[in-house]
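Participant: Build me a model:
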Amino acid sequence: MRGSSHLARLRVQLVLTRIMLPDVQRKIETVLGMGIASTRRLTGGSISEAYSAHLADGRPVFIKTNPHANPRMFTCEAQGLAWLAQPRAITIPTVIAVSDETSQGPHFLVLEWIASAERSVNFDEQLGEQLATLHASVPNTFGLEYDNFIATLEQSNTPHESWADFYTTCRLEPQLQRAVDNARVPRAWTNSFASLFSRMEELVGAPESPARLHGDLWSGNLHTDTQGNPCLIDPAVYGGHREIDLAMLNLFGDPGPRFLSTYNECYPLAPGAEERVALYQLYPLLVHVNLFGGHYVGSVEQTLKQYL
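Facilitator: Alright, predicted model coming up:
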């Protein structure tokens, strides 16, 4: 009915133009030490509310807030962005302010505003070269000094010397246990994965140094900067095997044909990398099982069969 559709459009418009809640704005202004001149609600985020805003000094900024999130989530994201930015390999938004995780909410993250342009003509080559440079900036260990989050799920980063041990105990086992405990997958999966874990040392390939990983590298977290060059957002960082970043981008992205060839030219992958893609897609697939369920359960089953 026309009246119903008009009402629906009106409701959508009201949501899109909704201003930031006053208590959120006041807290951000207190931390920044200046007022916020204007805000505009953005769409597209599935976890947090997002706003473009202008500060009283005229600077444009990006603001995320979530009244229901773990208070550590934005702190970890701010730390992760700073960690990714250290080698200056690829555009990363600068953190302007973040809420104190020990304080009462609301909690928030304020970043520099990076206006996205159309992808440059050599975007794929840039991404391949810059991601290779990022990965070649070697952290001290597999893991990180602190645990963090992938989406809203807690992610263990206990340091390990062995990548096979880290991938098993800090990535696959926790997500599998969460899925079993929440009855998203059959309990029999525990035995199937135990068989996989017993072979992990041989499956992960030749030893490599840890790489500086984005950790949640899919198309939604791959943006452009003002010149159309690659820009990374929303990380779930840690030191890990670089092939897992590539495997996730292959799973939930659309890297162009020149991306991987350029990456390989800059930082050649070890023999057998193509055979390990599915192995490293198990982690993001299990994460999606825990977040969304549905057909991702079947995707994990099909992937797991390749190694049993």
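Participant: Spit out the contact partners of the residue nearest to F142 when sequence neighbours are not counted.
Facilitator: With sequence-adjacent residues excluded and distances taken as Cβ to Cβ, 6 or more residues apart in numbering, F142 is closest to F166, at 4.1 Å. For every residue, glycine as well, the C-beta is placed using N, CA and C. Neighbouring residues of F166 by Cβ atoms under 8 Å, 6 or more residues apart in numbering: F142, G143, T158, H160, G240.
Participant: how does it look with 6 Å?
Facilitator: By Cβ atoms under 6 Å, 6 or more residues apart in numbering, the residues touching F166 are F142, G143, H160.
Participant: Okay, helices next: where are they in this protein?
Facilitator: 2-16, 22-32, 72-85, 123-136, 163-166, 173-181, 189-198, 200-203, 242-251, 257-266, 273-292, 296-305 (DSSP state H).
Participant: sorry, back to before: if you look at the contacts of F166, which of them are in strands?
Facilitator: Using DSSP state E, no member of these falls in strands.
Participant: Same list, those residues, but as CSV with neighbour count, pLDDT and distance to N290 please.
Facilitator: Formatted as CSV, the contacts of F166 follow (neighbours: other Cβ atoms under 10 Å; pLDDT from 0 to 100; distance: Cβ to Cβ, whole Å):
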residue, neighbour count, pLDDT, distance to N290
F142, 26, 98, 22
G143, 21, 98, 21
H160, 19, 98, 22
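Participant: for these, which one is nearest P67?
Facilitator: G143 (30.4 Å; Cβ to Cβ).
Participant: R41: which of the helices of the chain is closest?
Facilitator: That would be helix 2-16 among the helices of the chain, by Cβ to Cβ, at 6.1 Å.
Participant: tell me the domain ranges of the chain?
Facilitator: 2-112, 123-305 (automatic domain parsing).
Participant: and those domains, which is most packed in?
Facilitator: By mean neighbour count, with neighbours taken as mean count of other Cβ atoms under 10 Å, domain 123-305 ranks first of those at a mean of 18.
Participant: From the chain's centroid, how far away is that one?
Facilitator: The chain centre lies 10 Å from the centre of domain 123-305; the measure is Cα atoms, centre = their mean, to the nearest Å.
Participant: quick revisit: looking at the domains of the chain, which has the lowest confidence?
Facilitator: Lowest mean pLDDT within these: domain 2-112, a mean of 84.
Participant: Isn't Y238 up against Q155?
Facilitator: No: using Cβ atoms under 6 Å, Y238 is not in contact with Q155, being 7.5 Å away.
Participant: residue contacts, L196?
Facilitator: Going by Cβ under 6 Å, 6+ apart, L196 touches Y307.
Participant: From T303, how far out is it?
Facilitator: 10 Å (Cβ to Cβ, to the nearest Å).
Participant: How about S120?
Facilitator: According to Cβ to Cβ, S120 and T303 sit 34 Å apart.
Participant: ok, now Q104?
Facilitator: In this view, Q104 and T303 are 43 Å apart by Cβ to Cβ.
Participant: that older thread, now tabulate the contacts of F166 in JSON lines and tack on distance to N250.
Facilitator: Below are the contacts of F166 laid out as JSON lines (distance: Cβ to Cβ, whole Å):
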{"residue": "F142", "distance to N250": "21"}
{"residue": "G143", "distance to N250": "24"}
{"residue": "H160", "distance to N250": "25"}
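Participant: Looking at those residues, which is nearest P271?
Facilitator: F142 (20.8 Å).
Participant: Show the contacting residues for that closest one.
Facilitator: By Cβ under 6 Å, 6+ apart, the neighbours of F142 are H160, W163, F166, P210, G239, G240.
Participant: which residues pair with it across the strands?
Facilitator: H160 (DSSP bridges).
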